[in-house]
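Student: The amino acid sequence is not available; the structure is as follows:
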């Protein structure tokens, strides 16, 4: 399988690929906890291509897409202008998302997306991500050096989550 991760602009094709993965990812991450009708309603009403275009047109945001045999299978959105709780004065923090569809979750896919994501955050002091506790990618992020800072609830259905961070200057 040919796996590649690359920076993608908010074009019609880029947004279409992103929305496809978002829809599938939301479904897979919530199907064991939330009624299917509620998930479908959320996807239909809240995952809006126009909103994503506006978000990606913000110059402090970057989209990285991962493709397996030219099919979109994962993404990371890097947000350098996001607010991070308890950041020391003078330090810069960058929020990331890290999503890979379950059927394409492999060490090669994870490494491809992580390598590209890591190159995009080299300018910052700290990276952070808020992941659902049951997301299979949590263990991968811990293996790469992320530490769990706090546990709480997040996402559209307020499921248990972990706020994780990595101090770039130490890695």
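Tutor: Arrived safely, thanks for sending. Model, not experiment: these values are computed from the prediction. Residues are numbered from 1 along each chain as shown.

Student: Correct me if wrong, but residue 90 is in a helix.
Tutor: No. Under DSSP: H, G, I helix; E, B strand; the rest coil, residue 90 sits outside any helix and is assigned coil.

Student: for the chain, which spans come out with low pLDDT?
Tutor: Applying pLDDT under 70 to the chain flags residues 81-89, 169-171.

Student: Show me where it has its helices.
Tutor: Along the chain, the stretches classed as helices by DSSP state H are 12-30, 36-46, 49-57, 107-120, 137-144.

Student: buried stuff in the second one?
Tutor: So that's helix 36-46. 39, 42, 43 (16 or more other CB atoms under 10 Å). No exception for glycine: its C-beta is placed from N, CA and C like everyone else's.

Student: Ok, the first one next?
Tutor: Residues of helix 12-30 classed as buried: 14-15, 17-19, 21-26, 28-30 (neighbour count, 16+ other CB under 10 Å).

Student: which residues touch it?
Tutor: 8, 39, 42-43, 47, 49, 52-53, 56, 63, 65, 72-75, 99, 101-102, 132, 134-135, 155-157, 159 (CB atoms under 8 Å, 6 or more residues apart in numbering).

Student: which among those residues end up buried?
Tutor: Buried among the contacts of helix 12-30 (16+ other CB under 10 Å): 8, 39, 42-43, 47, 52, 56, 63, 65, 72-75, 99, 101, 132, 135, 155-157, 159.

Student: Noted, bye for now.
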